[in-house]
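> got a sequence here, can you build the structure:
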Amino acid sequence: MQVCLEYAWAIMNSKLKLLILSVLIVLFPVSINAVSWEFYFKDAEGIKHFIEKDSIQKTPEGTILVWRQVIFPYAEFKLKYKTWDLTKSEYLWEIDCSRRMYKVLRGRRFGESGPIQYITKETDWVYFEPKDYDEAIYKKICEPACSLCKEGQ
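Predicted coordinates for the structure are as follows:
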């Protein structure tokens with residue numbers, strides 16, 4: 001009888017733990033694929049620019065891949081531009097530090113209710129423009145010698 005009671009208590013105890021864990025997961029969801037965006041620039045319009053530090057990688061061709069995120073001051077932009085619907089955008093950039101050029105490989109744009117557009121077509125190579133967010137990301141990634149980079153696979 002004692003063994004049955006201990007077994008019943010263990011089952012009830014584990015079900016209670018499972019219930020508590022389930023409630024915690026629902027109340028405090030945690031992303032398994034947590035991304036750590038690192039701030040690097042805020043422009044004159046209040047747009048914040050970030051890079052995903054863990055995504056930085058050198059390719060066999062010597063270019064650098066990095067995810068870039070832009071967060072817009074949504075409320076202000078909604079007032080200024082009546083049809084504005086973007087809250088943020090994320091793009092995978094390929095950067096050629098030696099030529100001071102980049103291209104966008106893919107990306108996605110988000111509105112208040114989630115993803116609203118996926119970009120799947122690569123852009124052409126473009127030169128970094130001086131004195132704006134382009135220059136800021138170039139300095140962050142390419143100087144000094146991309147100390148943040150991981151070697152390609």
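
> which one is D124 nearest to, not counting chain neighbours?
Leaving aside its sequence neighbours, D124 sits nearest to K103 (C-beta to C-beta, 6 or more residues apart in numbering; 6.3 Å). Heads up, the C-betas are built off the backbone N, CA and C, glycines and all.

> correction: the previous question concerned Y74.
T87 (4.9 Å).

> give me every residue that touches that neighbour.
71-72, 74, 110-112 (C-beta atoms under 8 Å, 6 or more residues apart in numbering).

> and R68, how many neighbours?
23 (other C-beta atoms under 10 Å).

> hmm, back to that, among the contacts of T87, which are in helices?
With DSSP state H as the criterion, helices contain Y74 from among the contacts of T87.

> neighbour-wise, give me the winner out of the contacts of T87.
Neighbour counts for these, by other C-beta under 10 Å, peak at F72, which reaches 21 neighbours.

> work out for me the element E38 sits within.
The secondary structure element spanning E38 is strand 37-42 (assigned by DSSP states H and E).

> could you list the buried residues of that strand?
37, 40-41 (16 or more other C-beta atoms under 10 Å).

> TSV for the residues you listed, including distance to L92?
Putting these into TSV (distance: C-beta to C-beta, whole Å) gives the following:
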residue	distance to L92
W37	14
Y40	16
F41	18
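
> quick one: which of those is nearest D96?
For the buried residues of strand 37-42, the minimum distance to D96 (C-beta to C-beta) is 18.8 Å, reached by Y40.

> ok, that closest one to V70 distance?
11 Å (C-beta to C-beta, to the nearest Å).

> need the overlap of contacts for these two.
With C-beta under 8 Å, 6+ apart, Y40 and V70 have common neighbours 49-50.

> and the host helix or strand of K139, what's its mean pLDDT?
K139 belongs to helix 133-142 when assigned by DSSP H and E. Averaging pLDDT along helix 133-142 gives 86.

> which other residues reach it?
Contacts for helix 133-142 (C-beta under 8 Å, 6+ apart): 40-41, 43, 47, 49, 51, 56, 64, 66, 68, 93, 95, 97, 100, 102, 128-129, 148-149.

> now it - C-alpha only, CSV.
Taking C-alpha atoms only, helix 133-142 is exported to CSV below (Å, rounded to 0.1, in the frame of the first residue of the first chain):
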residue,chain,number,x,y,z
TYR,A,133,24.0,54.2,-42.1
ASP,A,134,25.9,52.6,-45.0
GLU,A,135,29.1,54.1,-43.7
ALA,A,136,28.3,53.1,-40.1
ILE,A,137,27.7,49.4,-41.1
TYR,A,138,30.9,49.5,-43.3
LYS,A,139,33.0,50.7,-40.3
LYS,A,140,31.3,48.2,-38.0
ILE,A,141,31.9,45.2,-40.2
CYS,A,142,35.0,46.0,-42.3
